[in-house]
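Undergrad: with the input below, show me the fold.
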Amino acid sequence: MCGGEGTRLRPLTFERPKPCIPIVNRPSLQHLVSHLSNLGFTDVILTIGYKGEAIEEALGDGSLFGVNITYVHEAIKLGTAGSVKNAQQYLGNSPFLVVGGDHITNIDLLAFYRDHIRRGATVSIGLVSIDDPGEYGIAEIDVNYQIKRFKEKPAPGEIFSNLASTGMYVCDPGIFDYIPPQTQFDFAKDLFPLLLEAGHALKGWLARGHWSDVGSPRSLRQAERWKLQELAYTSISGDFTVKGAKIVGPVQLGSSITIGRNSRVIGPVSIGAGTVIEENVLVGPYTSIGDFCVIRHDAKIFSSSVYNGVHIGIGSTVSGSIIDNDAYIGNGCSIENDTVIGPRATVKPRGVVHSGTRIWPEAETEEGAVVKEHILNPAYETSHSGS
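TA: Residues are numbered from 1 along each chain as shown. All right, here's what the predicted structure looks like:
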C-alpha cells in the first residue's frame with residue numbers, strides 16, 4: 001500500500017511520496033521489496049496514488065529485485081482496506097500478505113504467512129510490543145492468539161494492551177465480501193470490527209525484530225540506523241581520493257569521493273558519489289550523506305541524514321537531523337537534534353536551528369538567527385499532521 005501523502009513527514013514529502021524517502025541513499029521502498037524478495041515473495045502488487053510515478057521509477061517492473069510488480073492506481077483515496085479491494089482482481093483466491101509501502105522491517109514475514117495458513121484465521125495481524133501505543137491500533141489477545149478486542153489510536157484510559165498493530169496483515173480473500181468497492185474503508189477502523197461482529201476469527205501474530213512505519217522524522221532516523229547497522233564491511237564503488245584522513249568502517253562509499261586531510265569518518269556511515277569532504281571534518285556513526293554534497297572544513301555531522309547536493313558550511317555542526325536535497329547550511333551553524341531542513345532551504349551563517357524544528361522548501365533564515373519555530377513557505381501547504 002503506497003497511496004498516502006505522508007503529510008506528517010513534510011517537508012520531506014512535498015516532492016516525493018513517503019516510500020521514496022531515502023534510507024541509506026536508497027528509496028525506502030527498495031529496502032522493503034528486497035526483504036520480501038529474499039523471503040521468497042515474488043509477486044508484488046503496489047497500490048499507488050500520490051506521486052505514484054516516482055514509485056514506478058524507483059522499482060520498475062521489479063526484475064532488479066527478483067520480483068514481478070503490478071501497479072494499481074487509485075484515482076481517489078480509498079483507505080487501507082479500500083485500496084486492497086481495488087486490487088482484488090490481481091490477488092487470486094489464496095491468502096495474501098498486506099504491508100505498508102512505508103514500512104522498514106527485518107521481521108520474518110514468511111513465517112507470519114505460514115502461521116496464518118496453519119491457524120485458519122480470516123485475518124492475522126502482525127503485533128509488536130511498544131512503549132507508547134497511543135498512535136497505533138492495539139489488540140487484546142488470549143492464549144490462543146485470538147483477538148478479543150481491537151482499538152484504533154486509543155486515548156489514555158483506553159490502552160488495554162501495548163500490543164500495537166504493525167499494519168501488516170495476512171488475509172483470506174473472503175474479506176472482500178465485507179469491503180464496499182470504490183469507497184474509503186480502513187482495515188482497523190472499519191473492517192476488523194465488522195469481521196469480529198460477524199464472528200470471524202482474527203488472530204494476532206507476535207512479531208520479533210525491527211519494524212517502523214517511518215511516520216515521523218524520529219522514526220525515519222531510527223529506521224536508517226537499523227539499515228546502517230546491517231553494513232558488515234567497508235565497500236568502495238569506483239575511484240576514491242583520501243588525503244591523510246582516517247576511516248573506521250564499516251563505511252559504504254560511492255564513486256569519486258574526496259576526503260581531506262585529518263578528517264575522520266567513523267562507521268557505520270554511507271557516503272554517496274561525488275561528495276567532497278574537506279579537511280578536519282568529523283563524520284560520526286549512523287550518518288548517511290548523499291551524492292554531490294560539499295562538507296566544508298571543520299564541520300561535524302553526527303547521526304544525521306544528509307540527502308543529495310547539500311552544502312554544509314565551515315565549522316557547522318549537524319546532529320541527529322535530516323537535510324533534504326540542495327539545502328544550504330552556512331558557516332558556523334548549529335542544526336540540532338530531530339530537525340528537518342527542506343529542499344533548497346537556506347540556513348544563513350551562525351544560525352541555530354532548535355531541536356524539533358522544520359524548515360519548508362526554499363525558506364531562508366536570517367543571518368545569526370535562532371530558529372525555535374517551524375519556518376514555512378506560503379507557496380507550499382502548511383499542514384504536517386495526518387497520514
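
Undergrad: contact partners for the residue lying closest to L191 once chain neighbours are set aside?
TA: Spatial nearest neighbour of L191, excluding adjacent residues (C-beta to C-beta, 6 or more residues apart in numbering): A81 at 4.6 Å. All C-beta atoms are positioned from the backbone trio N, CA, C, and that covers glycine. For A81, the contact set (C-beta atoms under 8 Å, 6 or more residues apart in numbering) comprises I175, I179, F185, D186, F187, D190, L191.

Undergrad: now P193
TA: F150.

Undergrad: could you dump the strand or helix carrying it to CSV, C-alpha only?
TA: For P193, the element it lies in under DSSP states H and E is helix 192-197. Coordinates of each C-alpha in helix 192-197 appear next as CSV, following Å, rounded to 0.1, in the frame of the first residue of the first chain:
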residue,chain,number,x,y,z
PHE,A,192,-11.8,-5.5,11.7
PRO,A,193,-14.8,-4.5,13.9
LEU,A,194,-17.1,-5.7,11.2
LEU,A,195,-15.4,-9.1,11.0
LEU,A,196,-15.4,-9.5,14.8
GLU,A,197,-19.1,-8.7,14.9
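
Undergrad: which strands and helices sit next to the helix or strand following it?
TA: Next helix or strand after helix 192-197 toward the C-terminus (DSSP H and E): strand 202-206. Packing contacts for strand 202-206, counted by 3 or more C-beta pairs under 8 Å, 6 or more residues apart in numbering; DSSP states H and E, involve helix 109-119, strand 123-129, strand 137-141, strand 147-152, strand 163-171, helix 192-197.

Undergrad: for strand 202-206, which positions count as buried?
TA: Under the neighbour-count criterion of 16 or more other C-beta atoms under 10 Å, strand 202-206 has L202, K203, G204, W205 buried.

Undergrad: in contact with the second one, which residues?
TA: The one in question is K203. Here K203 is in contact with H116, R119, A121, V123, S124, I125, I141, N144, Y145, Q146, I147 (C-beta under 8 Å, 6+ apart).

Undergrad: which of those tops the neighbour count?
TA: Using other C-beta atoms under 10 Å as the neighbour criterion, I125 leads the contacts of K203 with 30 neighbours.

Undergrad: gap between that residue and V276?
TA: According to C-beta to C-beta, to the nearest Å, I125 and V276 sit 48 Å apart.

Undergrad: tell me the pLDDT at F160?
TA: Looking at F160, its pLDDT stands at 86.

Undergrad: for it, give its distance to K189.
TA: 17 Å.

Undergrad: same question, Y178
TA: Separation of Y178 from K189 (C-beta to C-beta): 13 Å.

Undergrad: now N162
TA: 20 Å.

Undergrad: kindly report the same for V353.
TA: 37 Å.

Undergrad: so between those two, which is more surrounded?
TA: Between V353 and K189, counted using other C-beta under 10 Å, V353 has the larger neighbour count: 25 against 16.

Undergrad: surely the more buried one is in contact with D338?
TA: No: judged on C-beta atoms under 8 Å, V353 makes no contact with D338 at a distance of 10.3 Å.
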